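Participant: let's see this in three dimensions:
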Amino acid sequence: MKLERNYTVKEIAALIGCDFVGDENHIVSGINEIHKVENGDLVFVDHPKYYQKALNCAATTVLIDQEVECPEGKALIVSKFPFDDYNKLTRHFSPNVTQSKAISDSSEIHKDAIIYPNVFIGHNVKIGSGSVIYPGAVIGDNTIIEDDVIVGPNSVIGHYAFYYKKKSDGFDRMHSCGNVILRNKSEIGALCTIDAGVSGSTIIGEGTKIDNQVHVGHDTVLGKKCLLAANVGLAGCVTIEDNVTLWGQVGCASDVVIGEGAIVLAQSGIGKSLVGGKTYFGSPCGEVKTKFREMAALRKLPEILEKI
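Facilitator: Below you'll find the predicted structure:
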């Protein structure tokens, strides 16, 4: 999430009542979680296991739970509860705004777009020419729908990210301040859920087609001309390159990259990144020829055991 203007680290620290380390005029221009950080961003870390990753990432301001050596060119904000203070900051700069109308006055809908009855459109939504939003769809705040996009009945675009911190009394949700972008000529089927980015964008690429009852997690990015069949489930922060096909009921773990042109057959489970240009199957997922050989070998196992 980029801020409306540049803030100093002193100003940001004052908002959450924390001390800081570094030049008081050090600039903070955005707030992002670790997967989406850029130069000028603030990121949080609250476990020593991830200190080095946070301190060495592209973010130039780190909200951290203890004072450590500050890398050159960066600043630290020291907080007892970085997760909570991170949420305070995102809620301050991107608060939830209640809405009493089905279509927000702040939305921008092209005159050639078709919006069916019983559609909810949130604040600051943009819908391009030729796009069609079918009945019952929910379009969350800040969603960008480009030209000639189809959103099927009862699909939810831009709901909160599924991102929690476990605490002694339960789970605390990270406040979502990102959005969803549906590129030109993409299609979303019925009863799909496309979660908003935590602080960045969940993106469905140009010409990508998504079947009914598909879930796409926060900050996931789909390339151009991909096909996702029914009941595919993608966790957060997945990267799918161009021309990838995922057949029905494929499941994919977070932080996975699926290379260009890959095909994953139905009911496969993807737990690690896949090289492009190959066909995969199984759970855990592997190259289809290898998995079929493994299955053939398993069928011979009873015969082998009888000979022992």
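Participant: longest single strand anywhere in the chain?
Facilitator: Using DSSP state E to assign secondary structure, the strand with the most residues in the chain is strand 2-8.
Participant: who's in contact with that one?
Facilitator: 24-31, 40, 93 (Cβ atoms under 8 Å, 6 or more residues apart in numbering). All C-beta atoms are positioned from the backbone trio N, CA, C, and that covers glycine.
Participant: same check on stretch 43-52?
Facilitator: Applying Cβ under 8 Å, 6+ apart, the contact partners of stretch 43-52 are 32-34, 37, 53-55, 57, 59, 61-65, 68, 81-83, 85-86.
Participant: got the phi and psi for Ile64?
Facilitator: Main-chain torsions, Ile64, degrees, to the nearest 10: phi -140, psi 160.
Participant: that one: neighbouring residues, count only.
Facilitator: Counted by other Cβ atoms under 10 Å, the residues lying close to Ile64 total 24.
Participant: now do the contacts for it.
Facilitator: 44-46, 51, 54, 76-79, 82.
Participant: ok, Gly40 touching Asn32?
Facilitator: No. Look at Gly40 against Asn32 with Cβ atoms under 8 Å: they stay out of range, at 9.7 Å.
Participant: any idea of the mean pLDDT for stretch 63-73?
Facilitator: Mean pLDDT, stretch 63-73: 94.
Participant: now do stretch 9-24
Facilitator: 96.
Participant: and it, which residues are buried?
Facilitator: 9-10, 12-13, 16, 18, 20-22 (16 or more other Cβ atoms under 10 Å).
Participant: list the contacts of that stretch.
Facilitator: 8, 25-28, 42, 61, 63, 67, 70, 74-79, 85, 88-89, 92.
Participant: strands of the stretch 1-150 of the chain, start to end?
Facilitator: Per DSSP state E, counting those that start in this stretch, the stretch 1-150 of the chain carries strands over the ranges 2-8, 19-21, 27-31, 41-45, 61-64, 75-78, 108-109, 114-115, 120-121, 126-127, 132-133, 138-139, 144-145, 150-151.
Participant: err, the stretch 201-308 of the chain, not the other one
Facilitator: In the stretch 201-308 of the chain, the segments counted as strands under DSSP E, counting those that start in this stretch are 201-204, 209-210, 215-216, 221-222, 227-228, 233-234, 239-240, 245-246, 251-252, 257-258, 263-264, 269-270, 279-281, 286-287.
Participant: of these, which is nearest Ser107?
Facilitator: Ser107 sits nearest to strand 201-204 of all those, at 17.6 Å, using Cβ to Cβ.
Participant: ok now the closest one, how far from the chain's centre?
Facilitator: 7 Å (Cα atoms, centre = their mean, to the nearest Å).
Participant: and which of the buried residues of stretch 9-24 is nearest to Gly251?
Facilitator: Nearest to Gly251, judged by Cβ to Cβ, of those is Ile16 at 37.6 Å.
Participant: distance of that closest one from Ile77?
Facilitator: 8 Å (Cβ to Cβ, to the nearest Å).
Participant: helix or strand with the lowest mean pLDDT in this structure?
Facilitator: helix 301-307 (a mean of 84; mean pLDDT, DSSP states H and E).
Participant: for stretch 286-305, the distance to its chain's centre please.
Facilitator: For stretch 286-305 - counting by Cα atoms, centre = their mean - the centre lies 37 Å from the chain centre.
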